[in-house]
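Colleague: Next comes the sequence, and after it the predicted model I'd like to discuss.
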Amino acid sequence: MTHFRGYVAFEAEEQTRDDRARAGSAFFDAGLPKPRIWSDDMAALALAQRRVTEEDYRERQPVPDGAGRVILFSGYLFEPAEVIQALHLAPEATDSEVAAAWLDRHGFDGLQRLKGDYAFALWDPRKRQVDMAVSPMAMRVVYWHARPKGFWFATILSALHQFPGVPKELDPLQLALYFSVHIADPADTHYRNIRLLPPGTHLTATAQGVRERAFWRPDPNRRLHLPKPQDYAEAALELLDRAVKVRLRGRRIPGVMVSGGLDSSSVAASAALHASPALVQTYTAVPQPGQIIEGRAGWYDSEQEKVEALAARYPNLRPGFYHSDGPVGFEDDPTPFFAMGGRTFFLSNHFGWFDPTYRAARADGHDVLLMGSMGNMCLSFDGLRGMSDFARAGRIDKLLRFAVPAIRYRGGSIWPHLKTHILLTALPPKLRDSLWRLKHRGKHAWARTSAMRPEFARAIGFDEALWAAGEDGMFLHQTDSRQLQANFLHNRRTRNLEMWLSLRAYYGIEQRDPFADPDLVDFCIAVPREQYLWGGRTRSLIRRALAGRLPSIIVDDRNIGQQNPEWFARITAQRGNFAAEIERLANVPLAADMLDLPRLKQMIEQWPTDAEAAKSRRFEYEHMLPRAIQNGRFIRWSEGGNS
């Protein structure tokens, strides 16, 4: 991923010279070249260009245009030839030149019409103004810090922290929210007075201050009505194919991270059709041969059979299967991720399982991988939260016709779904929290997933922050299913983007997700709720859309693929390191205040004897324990200050 950073001193101050000198420092990102620098008497700008497309080889950013404005552009446009023709530019124009010309003609209104996955910063010396924007549903953000005399920005947090003038003070509330997997404002970061610019947002910074505006968000108020049920499936497939096609742009065909599920399989199938007869390499993580795995009802342990069935249908798909022999280096020592991303990094044990696939892709020469991470809240939405929409609209007929058969198709009893998707979601978050504590003797709902001390949570106003954001610690979120999709596709996805930035920096591979396509997202939120439950099946829309394209072993499977199925063996190998880290964290004030160290220590001492014994406490050991350890390690690492 191309990275840029900049510093603008609206008035001279003590740190100006040091910050200007650090603007050109090397970025902490695998494979990035030395940055190019441009400066004037107010601004110092730098950009390190990663060459992903052919046009990237002609980029010479940052350079001023005829009016003296300088653009820093990271990313790519979806169909630049059309924009080049409309703007009467030379056919060989680079993406940064196209974006600059588009902004010169259209300004910052209607940015959603400039289709692509990008972020830019534009410095105008005449106006003494910085404008920044991130395109809708982009796989990138921009971090920034502002004071009355200056403005600092960078496309990754570690690069912003290289400026001596940028403070590096942890925000305990934001750390706690992230630690407990909750979100208040997705533009907040782990640090006080540092924010990020989310996708679909435009920012203007001058000596008078900073203004932000959202020019695109997933819209839960949109509605779409087509004549026939099959029309929705056909329209969905057309949008998915277009989303995949524009993300194939590059020097070579991207690899595809593939599982046996509907989402990534549909991306791989579409990529194979677009690329034919050229080969498309896929990468799949599978369990280590002979590993003892804890079985789970309704889940399957290996993706290999399904991926092989997919490859048999598309001769130009070349599948690769990779397994991990045990914990990798960053599981025991995550500081490379902290240093490269500038923030904490959870799920290191989970991504350790995927590490061989990323390394194989890198060894094969790939700098871009397609994936399908946003599918579950987009085209493959299961539709069950639509039950609350039916109930609020008084459509008992739709509940009986669509929801009840879909629940039976999925398996299990009807009552838990009615309680979760209709009754509990209709209650205000604060009331749900009170009922939880009444039933569980005063315990907090968030304690199920977070080893945080209640005293610490009370001191920082944690519950109040949750309630203000419409959360309750139970992850029930909004009653309305469209609002639920919009929340995940913007708020939660923005938070996840920070994790992907760290992965990009570590492996030097850019991820692209066709399900994070604004047109496809708009469509999937607007369609009638019954389309996801049509025919009495959950995830009906994607099943119907892909019925003629994917093998039935994928389309008709009701089970879920189990990532990192040998989790217990992997986490057991780290038990000793976890125990030693807990002892160290007792001497780190913020970590000791935040984390329930006695609870963590007890978990280490009462370690399950095997995977079967750990089954009932899977979430605690697979997620909560390593997340707490990682959070503590990050706090301990961050005390080193700027470096």
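Modeller: Ah, there it is. Remember, it's a predicted structure, so these values are computed and weren't measured experimentally. Residues are numbered from 1 along each chain as shown.

Colleague: Please report how far the residue nearest to residue 92 when sequence neighbours are not counted lies from residue 515.
Modeller: Among residues not flanking residue 92 along the chain, residue 58 sits closest, at 6.6 Å (CB to CB, 6 or more residues apart in numbering). C-beta: built from backbone N, CA, C; applies to glycine. Separation of residue 58 from residue 515 (CB to CB, to the nearest Å): 31 Å.

Colleague: ok, these two, which is more surrounded?
Modeller: Higher neighbour count among residue 58 and residue 515: residue 515, with 27 against 14, using other CB atoms under 10 Å.

Colleague: ends of stretch 584-591, how far apart?
Modeller: 10 Å (CA to CA, to the nearest Å).

Colleague: Please apply the same query to stretch 506-518.
Modeller: Start-to-end, stretch 506-518 (CA to CA) is 27 Å.

Colleague: Rounded mean pLDDT for that stretch, please.
Modeller: Here stretch 506-518 scores 96 as its mean pLDDT.

Colleague: gap between it and the chain center?
Modeller: 9 Å (CA atoms, centre = their mean, to the nearest Å).

Colleague: quick one: low-confidence ranges for the stretch 301-450 of the chain?
Modeller: Applying pLDDT under 70 to the stretch 301-450 of the chain flags no residue at all.

Colleague: for it, what spans make up the helices?
Modeller: Under the criterion DSSP state H, counting those that start in this stretch, the stretch 301-450 of the chain contains helices at 304-313, 329-332, 335-341, 348-363, 386-392, 396-398, 404-410, 415-418, 429-439.

Colleague: Just list the residues touching residue 20, thanks.
Modeller: By CB atoms under 8 Å, 6 or more residues apart in numbering, residue 20 lies in contact with 7, 9, 39, 44.

Colleague: Next, the contact list for the third one, please.
Modeller: So that's residue 39. 20, 23, 45.

Colleague: give me the number of residues near the second one?
Modeller: So the one you mean is residue 23. 23.

Colleague: where does the chain have its least confident helix or strand?
Modeller: strand 299-300 (a mean of 80; mean pLDDT, DSSP states H and E).

Colleague: Show me what that strand is packed against.
Modeller: strand 560-561 (3 or more CB pairs under 8 Å, 6 or more residues apart in numbering; DSSP states H and E).

Colleague: Need the contact partners of the next helix or strand along the chain from the strand it packs on.
Modeller: Sequence-wise, the next helix or strand downstream of strand 560-561 (DSSP states H and E) is helix 567-572. In this structure, residues lying in contact with helix 567-572 by CB under 8 Å, 6+ apart are 291-292, 294, 324, 326-327, 331, 349, 352-353, 564, 607-608, 610-611, 614, 618, 621-622, 625-626.

Colleague: What are the buried residues along the helix or strand following helix 567-572?
Modeller: Along the chain past helix 567-572, the next helix or strand (assigned with DSSP H and E) turns out to be helix 575-585. Buried residues in helix 575-585, counted by 16 or more other CB atoms under 10 Å: 578, 579, 581, 582, 585.

Colleague: What of stretch 254-274?
Modeller: In stretch 254-274, counting by 16+ other CB under 10 Å, buried: 254-272, 274.

Colleague: Just these: which are in helices?
Modeller: When those are checked against helices (DSSP state H), the matches are 262, 263, 264, 265, 266, 267, 268, 269, 270, 271, 272, 274.

Colleague: Next, count neighbours for residue 495.
Modeller: 19.

Colleague: shouldn't it be in contact with residue 177?
Modeller: No - using CB atoms under 8 Å, residue 495 is not in contact with residue 177, being 9.2 Å away.

Colleague: how about CSV for the contacts of residue 20, with secondary structure added?
Modeller: Shown next, in CSV, are the contacts of residue 20 (DSSP: H, G, I helix; E, B strand; the rest coil):
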residue, secondary structure
7, strand
9, strand
39, strand
44, strand
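
Colleague: Which members of the residues you listed are the farthest-apart pair?
Modeller: Greatest spatial distance among the contacts of residue 20 (CB to CB): 9 and 39, at 10.7 Å.

Colleague: Now the common contact residues for residue 495 and residue 177.
Modeller: With CB under 8 Å, 6+ apart, residue 495 and residue 177 have common neighbours residue 183.

Colleague: Going by neighbour count, list what's buried in stretch 142-160.
Modeller: Quick answer for stretch 142-160 (16+ other CB under 10 Å): 142-146, 149-160.

Colleague: Show me what the closest residue to residue 140 other than its chain neighbours is bridged to.
Modeller: Using CB to CB, 6+ apart and skipping residues adjacent in sequence, the residue nearest residue 140 is residue 119, 4.8 Å away. Beta-bridge partners for residue 119, by DSSP bridges, are residue 74, residue 134.

Colleague: Please apply the same query to the one 10 residues further on.
Modeller: Each beta-bridge partner of residue 129 is listed here: residue 124, as defined by DSSP bridges.

Colleague: Please, where are all the helices along the stretch 451-600 of the chain?
Modeller: 454-460, 462-468, 481-487, 493-507, 518-526, 540-545, 552-555, 567-572, 575-585, 589-594, 597-605.

Colleague: ditto for the stretch 101-250 of the chain
Modeller: Under DSSP H, counting those that start in this stretch, the stretch 101-250 of the chain gives helices at 157-160, 172-179, 229-246.

Colleague: quick one, the second one and helix 493-507 angle?
Modeller: An angle of 80 degrees separates the directions of helix 172-179 and helix 493-507 when computed by axes from the mean of the first three to the mean of the last three CA atoms, to 10 degrees.

Colleague: Return the set of buried residues in helix 172-179.
Modeller: Those would be 172, 173, 174, 175, 176, 177, 178, 179, for helix 172-179 by 16+ other CB under 10 Å.

Colleague: which one of those residues is nearest residue 311?
Modeller: residue 178 (38.1 Å).

Colleague: The closest one contacts residue 492, doesn't it?
Modeller: No - in this structure residue 178 lies outside contact range of residue 492 using CB under 8 Å: 11.3 Å.

Colleague: if we can go back for a sec, what residues does the least confident helix or strand of the chain touch?
Modeller: Contacts of strand 299-300 (CB under 8 Å, 6+ apart): 260, 557, 559, 560, 561, 562.

Colleague: and the two most separated of these?
Modeller: 557 and 562 (12.8 Å).

Colleague: Comparing those two, which residue is more hemmed in?
Modeller: residue 562 (20 against 16).

Colleague: Quick check: phi and psi on the more buried one?
Modeller: Backbone geometry at residue 562, expressed as degrees, to the nearest 10, gives phi -100, psi 110.

Colleague: Equivalent analysis for residue 80, please.
Modeller: Dihedral angles (degrees, to the nearest 10) for residue 80: phi -60, psi -30.
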